[in-house]
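Engineer: Model the structure of this input:
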Amino acid sequence: MDMKLEVLVVPVSDVDRAKAFYEMLGFRMDIDYVGEEGFRVVQLTPPGSECAVIIGSGITDAAPGSQQNLHLVVKDIVQARDELIGKGAQVGEIFHDAGGIFHHVGGKDRVAGPQPERADYGSFAEFEDPDGNGWVLQEIRVRAPGR
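Structural biologist: The predicted structure is shown next:
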């Protein structure tokens, strides 16, 4: 049985502000449904992704800004970072982890710059949406076997 991750719910305080932010980054707006009593569902999909993001009101009890380390995989982290900055996002500097496997929480073992050999899965850059939900760009050019 296949199980595909299709939607991530991202808690926000101001739906219109968050929608504008994600659209500014190039996310495709799929749905903007307004129901009764303030219920609203907005689905946006990152360019090239099969997994969408849902923001809205009346859809989660999670605190706005509480989603962290949502990864957006890119083929060229330098280009992706530059493009997002050009669109108005405040993206941090590119970094890699001293251990070379995955980034640690809170900047522990963080080394400035892309992974020296530009090894897949090893280079990162971070940004936040207006509520502080944390996103991570991760560079993967060639996926590991079986992926």
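
Engineer: In this protein, where is pLDDT below threshold?
Structural biologist: Per-residue confidence for the chain (pLDDT under 70) gives these ranges: 147.

Engineer: how about the strands in it?
Structural biologist: For the chain, the strands defined by DSSP state E occupy 7-9, 28-34, 40-45, 52-57, 70-74, 95-97, 110-112, 124-128, 134-139.

Engineer: Minimum distance to I85: which of those strands has it?
Structural biologist: With Cβ to Cβ, the closest approach to I85 among the strands of the chain belongs to strand 124-128: 9.0 Å. For glycine as for every other residue, the C-beta is placed from the backbone atoms N, C-alpha and C.

Engineer: buried sites along stretch 108-117?
Structural biologist: 114-115 (16 or more other Cβ atoms under 10 Å).

Engineer: Please list the residues outside that stretch that contact it.
Structural biologist: Among residues not part of stretch 108-117, those counted as contacts by Cβ atoms under 8 Å, 6 or more residues apart in numbering are 77-78, 93-100, 103-104, 122-123, 139.

Engineer: Give me the buried subset of these.
Structural biologist: Neighbour-count burial (16+ other Cβ under 10 Å) is assigned, among those, to 77, 94-97, 103, 122-123, 139.

Engineer: in this protein, which spans are helices?
Structural biologist: Counting by DSSP state H, the segments of the chain that form helices are 15-24, 77-86.

Engineer: Now render the ones you listed as a markdown table, adding distance to P130.
Structural biologist: Putting the helices of the chain into a markdown table (distance: least, Cβ to Cβ, whole Å) gives the following:
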| stretch | distance to P130 |
| --- | --- |
| helix 15-24 | 5 |
| helix 77-86 | 14 |
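
Engineer: Tell me which residues of stretch 33-43 come out buried.
Structural biologist: In stretch 33-43, the ones that count as buried by 16+ other Cβ under 10 Å are 40-43.
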